[in-house]
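>>> 3D model of this:
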Amino acid sequence: MMIPACPLADLPRGEAHRLDIDPPVSVFHTDDGELFAIDDTCTHQDASLADGWLEGCEVECPLHASKFDLRTGAVDAPPAKLPVRTHEVVVENGMVYVRLSTEAPNLPPCIASRLAGGPA
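Numbering: from 1, shown residues only. Model (predicted):
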């Protein structure tokens, strides 16, 4: 499924745009002009990666400084241990779209527990 994210003109280089879907996804526009989409929630604890720091093809979580590779979703620095999902980005007629991954997301324990009906 492709979801419209935002006009490319509204996403400056070095910035991110968060899609408020479940689970949230963010599109990152690197300083080099590349576009990447990953699940927005850090896999360690509930924090928005769109609020983190973008450097090259990595984003650093604003909560505990875990780093994720935007190309692969891999963890590049702890305390996170699980990767985030990556999603395909398509630009058509100046609009940025995200084609969502069909893989299951890696959610932090506090969110996974809540979704499973356990204590938050």
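>>> How is residue 9 assigned, secondary-structure-wise?
Reduced to three states with DSSP: H, G, I helix; E, B strand; the rest coil, the structure at residue 9 is helix.
>>> Identify the residue spatially nearest to it, adjacent ones excluded.
residue 94 (6.5 Å; Cβ to Cβ, 6 or more residues apart in numbering). Any C-beta I mention is one placed from the backbone N, CA and C, and that applies to glycine too.
>>> If you tally nearby residues, what's the number for residue 22?
Using other Cβ atoms under 10 Å, residue 22 has 8 other residues around it.
>>> distance of it from residue 39?
Separation of residue 22 from residue 39 (Cβ to Cβ, to the nearest Å): 11 Å.
>>> State the phi and psi torsions of the residue nearest to residue 9.
phi 80, psi 0 (degrees, to the nearest 10).
>>> Around it, how many other residues sit close by?
By other Cβ under 10 Å, the residues close to residue 94 number 9.
>>> Please tell me the pLDDT value assigned to it.
Residue 94 carries a pLDDT value of 97.
>>> repeat for residue 115
Among the per-residue scores, residue 115 holds a pLDDT of 64.
>>> Could you pull up the residues touching the closest residue to residue 56 other than its chain neighbours?
In this structure, residue 56 finds its nearest non-sequential neighbour in residue 30, 6.8 Å apart by Cβ to Cβ, 6+ apart. By Cβ atoms under 8 Å, 6 or more residues apart in numbering, residue 30 lies in contact with 13-14, 36, 54, 56-57, 70.
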